[in-house]
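Participant: after the sequence you'll find the predicted model.
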Amino acid sequence: MDRKNDGLRLMDGAGYKKIIIACDSYKGCLSSREVNEAIASGVKEWNADDASPEIITLEMSDGGEGMLDAFLSAMKGERVKIHAHDALMRWIEAEYGIVDDTAIIEIAQTAGLALIEPEQRNPMKATSWGVGEMIMNAYRRGVRRFIVGLGGSATSDCGIGMLKAMGDDWKKIRRECSFVLASDVTNPLCGENGAAHVFAPQKGADAKMVQMLDDRAKKFAEVSAKHFGYDRSEVPGAGAAGGLGYAFLQYFNAEARPGAELLLDEIGFEALIQNADLVITGEGHSDRQTLMGKLPQRILEHVTNQKIWLVSGGVSDRQAMLDAGFDWVIQVTPEEMPMDEAMKPEVARHHIIKAIREQFAL
């Protein structure tokens, strides 16, 4: 698909009858929903008359933080609250979603790094037990299809805790259920590019612990391969979420998909934008990595006949974004503004609204 920018700004808001807004979160600042709402406010402030365009906002996620909210918002599902254990086996209240016959599991609800105080983080002790509790709860409700978001984990236990929480029921779940993993991680389970070496230091591991975790992962993979007669430790994504990806691939024959693409497919994104005039997407910071499969680039791939804007907090290499096919690229944060000030939610919201209003007024 060639959507090379034709140099036309085409900013006349009066010409837009339907606008789709589908932005990722500005991480550490605004959620996907908050970003979308700020952009919608900018459109409405500029065009406040009765001829304002129809605006549809879609919460987005790549499978990490906010994935549960994004799926439930887009697919109108049921939110289920349960008591489960966090990565340090402390009781917490966790949530998952049910949409028709499908459970939406965000593993960070129980095994999330954000739930653990920095001084308490230790991937040698952290367990994915709570993930197993969520799956068992949904299974007992009759759910047989699972979409699992693998972002934001505190663990590096290869899913052993999850399997232990299931007990012997993992065998029934293997036979009766299907799993789709939402993750952009392509690392294998073991080795220098594996779960321990790449991700465990972020979770509190020192060099000695990293090696111990990697050795433990290799041993678990060897034992599992002998049991099943096949080894999926090298499959891209096996190293996601401290090896939880491996457990799902090896024990439950899961399918791994890029998180953003999975969400777009599940909500029927192409059908939603068919009669839209403009699609607006964005993220906290856009650079060349944006064009390597991040949410805005995934959305760009689906857009053919509509105008598409990229609205991000910061932008590096604006020309690369235009050359990729975005019709307009908007940086909402003033160049001279200190990052700590720009990251304040009310400041970011103000600048989003201001930037959108100004672009429509051109």
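Facilitator: Right, received. Where do you want to start?
Participant: what's residue 328 sitting at in phi/psi?
Facilitator: Residue 328 adopts backbone torsions of phi -150, psi 140, taken as degrees, to the nearest 10.
Participant: likewise residue 156?
Facilitator: Main-chain dihedrals, residue 156, degrees, to the nearest 10: phi -150, psi 40.
Participant: go ahead and confirm it touches residue 198.
Facilitator: No - Residue 156 lies out of contact with residue 198 (CB atoms under 8 Å); the separation is 10.3 Å. C-beta here means a position set from N, CA and C on the backbone, and glycine is covered the same way.
Participant: quick one: which of these two has more around it?
Facilitator: residue 156 (30 against 16; other CB atoms under 10 Å).
Participant: for this structure, give me the ranges with low pLDDT.
Facilitator: 1-14, 47-51, 362 (pLDDT under 70).
Participant: now the strands for the stretch 151-300 of the chain?
Facilitator: 178-182, 255-257, 278-281, 285-286 (DSSP state E, counting those that start in this stretch).
Participant: what is the second one packed up against?
Facilitator: The elements that strand 255-257 packs onto, with contact taken as 3 or more CB pairs under 8 Å, 6 or more residues apart in numbering; DSSP states H and E, are strand 178-182.
Participant: contacts for the strand it packs on?
Facilitator: Applying CB atoms under 8 Å, 6 or more residues apart in numbering, the external contacts of strand 178-182 come out as 61-63, 67, 144-150, 237, 240, 245, 248-249, 252-259, 262-263.
Participant: go on, stretch 279-289?
Facilitator: Outside stretch 279-289, the residues touching it (CB under 8 Å, 6+ apart) are 19-29, 35, 39, 60, 273, 290, 294-296, 299-300, 303, 306-317, 320-321, 329-330.
Participant: and those residues, which of them are buried?
Facilitator: Neighbour-count burial within the contacts of stretch 279-289 applies to 19-26, 29, 35, 39, 60, 273, 290, 294-296, 299-300, 303, 306-315, 320-321, 329-330; the criterion is 16 or more other CB atoms under 10 Å.
Participant: need the helices for the stretch 151-300 of the chain, in chain order.
Facilitator: Secondary structure of the stretch 151-300 of the chain by DSSP state H, counting those that start in this stretch: the helices cover 160-166, 169-176, 195-199, 207-228, 244-252, 259-266, 269-272, 295-302.
Participant: what's in contact with the fifth one?
Facilitator: Counting by CB under 8 Å, 6+ apart, the neighbours of helix 244-252 from elsewhere in the structure are 107, 111, 128, 131, 148, 150, 153, 155, 158-160, 162-163, 170, 173-174, 177, 179, 181, 183, 185, 189, 195, 217, 221, 224, 228, 231-233, 235, 237-239, 254, 256.
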